[in-house]
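> Requesting a structural model of the entry that follows:
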Amino acid sequence: MDESSIHSSLKCKFCSKPLIDPVKTPTGDQFCRECILRILHREASDKTDKSYTDINSSSSKEQMLIPVTEPIVLLMLDALLVRCTACEKIDIARGEFNEHKRKHCLKSSTLCLAADLKCPWMGTRENLETHLQECKFEPLRPMLKEIFREHDQVKTRINNLDKQVNQLTSNPVEEMSLLLQNSTLS
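I've put the predicted structure just below:
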């Protein structure tokens with residue numbers, strides 16, 4: 001989308017780009033959260049944008065920021081069309097960009113589907129299929145799944161036994177007294 005066609009109320013007062021994680025100052029000016037935090041943490045000697053840094057401490061400055069929550073503003077920001085710089089796809093609604101990157105972008109980095117089985121491969125989504133044909137970990141999934149399940153059961157059993165041992169050893173004098181009382185009563 002042509003940035004000049006974006007209304008100024010949807011742009012950051014500092015970077016002049018469409019707002020990202022928008023916040024308002026007490027004066028009503030809107031900024032990207034990252035931009036205003038950069039301004040607020042700047043040294044006091046910087047005279048640029050001094051009107052936003054007159055508040056005393058950095059933490060109180062941040063507390064005065066108000067998240068932009070107006071649904072119409074957020075919907076308009078999410079509807080802005082963007083381009084993926086990785087795969088060059090255009091006209092992606094900004095609100096759907098993360099899903100595009102996570103699930104559809106062939107150029108984005110991804111882990112092997114067997115990463116949970118400790119496969120170290122990492123590459124682009126477009127190379128994932130080729131890797132899976134050669135992956136040594138994925139064919140082991142059914143067997144390893146059973147081993148992991150049994151391992152979890154053993155860990156649970158050990159934890160339960162540890163608790164029992166701790167209970168038995170926590171009050172040995174009381175336990176001995178009870179045993180002696182029971183033996184004298186018999």
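> now the helices for this protein?
Shown for the chain, the helices assigned by DSSP state H span residues 33-41, 58-63, 71-79, 97-99, 125-134, 141-170, 172-185.
> looking at those helices, which is closest to Ala114?
Distances from Ala114 to each of these were compared using CB to CB; the shortest belongs to helix 141-170, at 6.7 Å. For glycine as for every other residue, the C-beta is placed from the backbone atoms N, C-alpha and C.
> Can you list the buried residues in the closest one?
When neighbours are counted by 16 or more other CB atoms under 10 Å, the buried residues of helix 141-170 are found to be Leu144.
> Mind checking the pLDDT average for that helix?
Averaging pLDDT along helix 141-170 gives 92.
> by how many degrees do that helix and helix 172-185 diverge?
Orientation of helix 141-170 against helix 172-185 (axes from the mean of the first three to the mean of the last three CA atoms, to 10 degrees) gives an angle of 70 degrees.
> Just give me how far helix 141-170 sits from the chain centre.
The offset between the C-alpha centroid of helix 141-170 and the centroid of the whole chain comes to 30 Å, using CA atoms, centre = their mean, to the nearest Å.
> Quickly list the domain ranges of this structure.
Described in terms of automatic domain parsing, the domain architecture of the chain consists of the residue ranges 3-103, 110-186.
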